[in-house]
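[1] Sequence isn't available, so here's the structure alone:
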């Protein structure tokens, strides 16, 4: 207890101020102080149970069938004397000297009255104690004068486990609110109690974590803004009440962990009471959080492979802080002496980005680049801008994600330093072959280059018509309000094909080995003449694609799996009764088993033959495929014929369940097969039983 200075020496008269117990004071202390009349008793009763046995207690939420809220713990329970002291008095508590327990005001045991006292009167709640082999049941109520009364209703021996149970009735219109309150209040309990009906919480998304703090993604936890947990109770706190650097914001979803007893709370324990000690504890937690956050951020930045990855790591950890505080964090950490920034600032250089999968560009387009964008890109440096596209092709960089840097050779070292000295590819090292002398046959012409895996790149380059090769013809694009790109005619009388569709076709032909990567295809203009040593691309590919078509692969089961088979046929195939079946039924069973095995192994992927047929269709060539009847339809027809031949089969199989064990169906089918295969009676008078069996069969 903190010592106080006595300033009352010389007093003429001393009067001890007393607390008058009456209905008004009881209402003010028990229900008047609680803002939330549902969460308050739920938190207090559950916290008392948590104090006694941590996670070893049960919370039973009210339901329509049983509108009772009940908490049962398995702690030591209370003797009758202790019950009289704790439940029979306001502000009586057994926890004040125990820093391992959350409570201490002595009001939580009376908290149900905050819900039970209404304008229409007050309800009662029940407390049952199991202690030292005795069960004692008490009813807590208010007298007509509004004073607290505790009645002992039952006292008897018991074999029930020790503990305490508190319960009270819930108004049906409040049942939903109790369930919602439980989701919020009990989330912070660690370990959590057993809850009936069970509550399934989504896994919270942790963004960062330290020894006494955890930051969560908004909406993944049932609270918003900074909160502090003491024991099992979680409280919001007001940042304006403590000294801080301003790093922590009211919008930050951070949960701090405070030792039990280090914070003062209001009487209702709904809010923090900002005493000097409480402010000091919160200030210390917030300062430790800021320091640890910066330390973790520096560790993540240090672990980055390059400056670009370091910028991305910083952004990922600070993504929820907002631009202003993220900028502060960037100033607080460095990567190998380099400051972090949101955009690349490289004096003496121009930067251009080429995205993953690019095929061509019109010109170098310098601009602003996000600092994290090149973290997984190849860095290409160029000092002498000339034949850049050809250089990229020679370096096998077409299609790669590229950060393209242009600078003077004298500025190379400075530029590399500002980029964090990454590994770079020197584009000037690739020498483009000397061009042929321009003339009638040698001039710049429009071409399509076939790249490594069949991708196409439309470009312009010097072509010698004397060399020969493949050509396509430029085709007019169909009318459209939207630009659809270029079209090319691959066959003499075919329609135009978009470059995108042509790309798909050529990739397949490269895969089949019909055409080699690196091939240059001339784009001929309509009406332009080319020498005979140039061959139109389409007819050359059509003949080879036709050779890839295998009509024997047309089985009728394309895109078919076991799920396309009638579930009854799958079910009867599993029944182990076919040994006694007639021969024609056994043959049907063998056909069914064979089809099921085929369907199990049937692949949904397109075969090379299917791809070749589709490629031919894109070139306007139709393939006559045989009309193959689907084997599933064949087996369905055989089953119909079987049912016509053996009428009882349809009735027996009609009881087949898709998910059950079908024991009855198996037994009935087994009996039916036995009757069908039974030898006819010879020279014996037919008994009524035999006649019955024969008629059934």
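    Happy to help now that I have it. The shown structure was predicted, so the numbers you read here are calculated from the model rather than taken from an experiment.

[2] mind listing what the nearest residue to residue 187 once chain neighbours are set aside touches?
    Spatial nearest neighbour of residue 187, excluding adjacent residues (Cβ to Cβ, 6 or more residues apart in numbering): residue 222 at 5.2 Å. Just so you know, the C-beta spots here come from the backbone N, C-alpha and C atoms, and that holds for glycine as well. Shown in contact with residue 222 (Cβ atoms under 8 Å, 6 or more residues apart in numbering): 183, 184, 187.

[3] how close does the last one get to residue 35?
    Translated: residue 187. The gap separating residue 187 from residue 35 is 19 Å, by Cβ to Cβ, to the nearest Å.

[4] still on that earlier bit, closest one of the contacts of residue 222 to residue 337?
    residue 187 (44.2 Å; Cβ to Cβ).

[5] wait, what's in contact with that closest one?
    201, 221, 222, 234.

[6] how does it look with 10 Å?
    Neighbour list for residue 187: 199, 201, 204, 221, 222, 223, 234 [criterion: Cβ atoms under 10 Å, 6 or more residues apart in numbering].

[7] Need phi/psi at the residue nearest to the fourth one when sequence neighbours are not counted.
    Nearest residue to residue 221, sequence neighbours excluded (Cβ to Cβ, 6+ apart): residue 204, at 4.9 Å. Geometry field for residue 204 lists phi and psi as phi -70, psi 140, criterion degrees, to the nearest 10.

[8] From residue 256, how far out is residue 204?
    Distance from residue 204 to residue 256, by Cβ to Cβ: 15 Å.

[9] With residue 593 instead?
    66 Å.

[10] The two - which one has more neighbours?
    residue 256 (24 against 12; other Cβ atoms under 10 Å).

[11] Now name the helix or strand holding that one.
    Taking DSSP states H and E as the criterion, residue 256 maps to strand 254-258.

[12] for the nearest residue to residue 509 once chain neighbours are set aside, what are its contacts?
    Leaving aside its sequence neighbours, residue 509 sits nearest to residue 515 (Cβ to Cβ, 6+ apart; 5.0 Å). Shown in contact with residue 515 (Cβ under 10 Å, 6+ apart): 450, 454, 470, 506, 509, 521, 537, 540, 541, 544.

[13] Angles on the backbone of residue 515, please.
    Backbone torsions of residue 515, given as degrees, to the nearest 10, read phi -150, psi 150.

[14] Residue 52: neighbour count?
    20.

[15] who's in contact with it?
    Residue 52 makes contact with 73, 74, 75, 76, 77, 78, 95, 101, 162, 163, 164 under the criterion Cβ under 10 Å, 6+ apart.

[16] again, only using 8 Å
    Per Cβ under 8 Å, 6+ apart, neighbours of residue 52: 73, 75, 76, 163, 164.

[17] Most neighbours among those, which one?
    Of the contacts of residue 52, with other Cβ under 10 Å as the count, residue 73 tops at 27 neighbours.

[18] I figured the residue nearest to residue 221 hits residue 218, correct?
    No - look at residue 204 against residue 218 with Cβ atoms under 8 Å: they stay out of range, at 10.8 Å.

[19] How much space separates residue 387 from residue 455?
    20 Å.

[20] Just name whatever secondary elements the longest helix that the chain contains is in contact with.
    When the chain is parsed with DSSP state H, its longest helix is helix 276-302. Judged by 3 or more Cβ pairs under 8 Å, 6 or more residues apart in numbering; DSSP states H and E, helix 276-302 is in contact with strand 213-216, strand 254-258, helix 307-318, helix 323-332, strand 334-335.

[21] circling back to that earlier point, how about the residue nearest to residue 187, secondary structure?
    coil (DSSP: H, G, I helix; E, B strand; the rest coil).

[22] again, but for residue 477
    Classified using three-state DSSP, residue 477 is coil.

[23] unless I'm mixing things up, it is touching residue 485, no?
    Yes - if you go by Cβ under 8 Å, residue 477 and residue 485 touch, sitting 7.4 Å apart.

[24] out of these two, which sits in the busier spot?
    Taking neighbours as other Cβ under 10 Å, residue 477 and residue 485 compare with residue 477 leading, 13 against 9.

[25] quick one: residue 175 and residue 45, what's the gap?
    From residue 175 to residue 45 the distance is 17 Å (Cβ to Cβ).

[26] more neighbours, these two?
    Shown here are residue 175 and residue 45; by other Cβ under 10 Å, residue 45 has more neighbours (27 against 15).

[27] can you pull out the helices in the stretch 101-250 of the chain?
    Listed in chain order, the helices of the stretch 101-250 of the chain (DSSP state H, counting those that start in this stretch) span 112-116, 175-185.

[28] Just name the most buried of those helices.
    Ranked by mean neighbour count, these are led by helix 112-116 with a mean of 25 (mean count of other Cβ atoms under 10 Å).

[29] what's the nearest residue to residue 40 if we skip its chain neighbours?
    Using Cβ to Cβ, 6+ apart, the closest residue to residue 40 is residue 34 (4.0 Å).

[30] If you could redo that for residue 365, that was the one I meant.
    According to Cβ to Cβ, 6+ apart, the nearest residue to residue 365 is residue 352 (5.6 Å).

[31] repeat for residue 391
    Residue 391's closest residue in space is residue 430 (Cβ to Cβ, 6+ apart), at 4.4 Å.

[32] again with residue 468
    Residue 468 sits nearest to residue 533 (Cβ to Cβ, 6+ apart), 3.1 Å away.

[33] ok but residue 363 is inside a helix, no?
    No - using three-state DSSP, the secondary structure at residue 363 is coil, not a helix.

[34] So for the residue nearest to residue 365, what pLDDT did the model give?
    pLDDT, residue 352: 92.

[35] helix or strand for it, which one?
    Using DSSP H and E, residue 352 falls in strand 349-354.

[36] For that strand, buried residues please.
    Residues 349, 351, 352, 353, 354 are the ones in strand 349-354 that count as buried (16 or more other Cβ atoms under 10 Å).

[37] try stretch 317-333
    317, 318, 320, 321, 325, 326, 328, 329, 330, 333.

[38] Over to stretch 270-285?
    By neighbour count on 16+ other Cβ under 10 Å, the buried set for stretch 270-285 is 270, 272, 274, 278, 279, 281, 282, 285.

[39] Among those, show me the least confident.
    pLDDT across those is at its lowest for residue 270, which sits at 84.

[40] just checking, that one touches residue 41?
    No - using Cβ under 8 Å, residue 270 is not in contact with residue 41; the gap is 11.7 Å.

[41] quick one: low-confidence parts of the stretch 101-250 of the chain?
    Low-confidence segments of the stretch 101-250 of the chain, defined by pLDDT under 70: 101-106.

[42] where along it do the strands fall?
    117-118, 121-122, 125-131, 134-142, 148-157, 163-169, 194-196, 206-209, 213-216, 227-230, 233-236 (DSSP state E, counting those that start in this stretch).
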